[in-house]
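*Asks:* fold the following.
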Amino acid sequence: MTRSLTSLALGLTLVVAAACGGDGTGPGTVIKPTADLHFLRLSASAPALQATVVSFYAKKGSDREVRVKFANGEDYLRFRVSSNSLLTRPGGGAFANGDSILITITVTDPAKLVADFQPAGLKFDPANPARLQFEFGECDKDLNGDGVVNATDSSLIPTISTWRQETAGGEWFKVSSSVEVELNEVQADIFSFTGYALAY
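*Replies:* Residues are numbered from 1 along each chain as shown. This is a model prediction of the structure:
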């Protein structure tokens, strides 16, 4: 990454699993309204995105992935669908080997790490979920927005997680995620389509 939050991590190399179950629908699910979440913001010097809408065909029996990139070539997000990830179509029909479906990712707020995934209703195999990776290397280092970059911001890095929103304006559900501080990325297994964001 051209800019790194590694210095805020005080030299730590760690992978932190955010505590919550799976896709955020099980017991102990953490749910918050938009007003109670702190969304990661891109820095003022972050480059523009190459595109805010990307599409690709996922295919049963084939590994596929798509990336949303900044103008400098760095990743904003990466989405991977393994050969056995596709489970059922939005209408409920199962995927046969060789079947494909068009997936579209739309960055809904270019100033933050927030994206919408379509088609709604698409389901992935719980044993072979899709994988979403947000990159936060281009984000504002002042995570809490108090105007100062210090150890407080560093302490917030391990609390970053992927969150999903079923309907626009609705509540957000915390998704089990892993934070890789040295790589400035957060990864999460994805079981269905909706809106996703990076926040704490």
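*Asks:* beta partners of the spatially most central residue of the chain?
*Replies:* In the chain, the residue lying closest to the centroid (Cα atoms, centre = their mean) is residue 134, at 4.4 Å. On the basis of DSSP bridges, residue 134 is bridged to residue 77, residue 186.
*Asks:* can I assume it is in contact with residue 68?
*Replies:* No. Residue 134 lies out of contact with residue 68 (Cβ atoms under 8 Å); the separation is 9.7 Å. In this view, the C-beta of every residue, glycine as well, is placed from N, C-alpha and C.
*Asks:* which neighbours do these two have in common?
*Replies:* 76, 77 (Cβ atoms under 8 Å, 6 or more residues apart in numbering).
*Asks:* quick one, phi psi at residue 93?
*Replies:* phi -70, psi 140 (degrees, to the nearest 10).
*Asks:* tell me who's in contact with it.
*Replies:* Per Cβ under 8 Å, 6+ apart, neighbours of residue 93: none.
*Asks:* that one and residue 57, how far apart?
*Replies:* Residue 93 sits 17 Å away from residue 57, taking Cβ to Cβ, to the nearest Å as the criterion.
*Asks:* again, but for residue 182
*Replies:* Taking Cβ to Cβ, one finds residue 182 at 33 Å from residue 57.
*Asks:* check residue 102 too.
*Replies:* From residue 102 to residue 57 the distance is 6 Å (Cβ to Cβ).
*Asks:* near the residue nearest to residue 76 when sequence neighbours are not counted, how many other residues are there?
*Replies:* Spatial nearest neighbour of residue 76, excluding adjacent residues (Cβ to Cβ, 6 or more residues apart in numbering): residue 68 at 4.3 Å. Using other Cβ atoms under 10 Å, residue 68 has 22 other residues around it.
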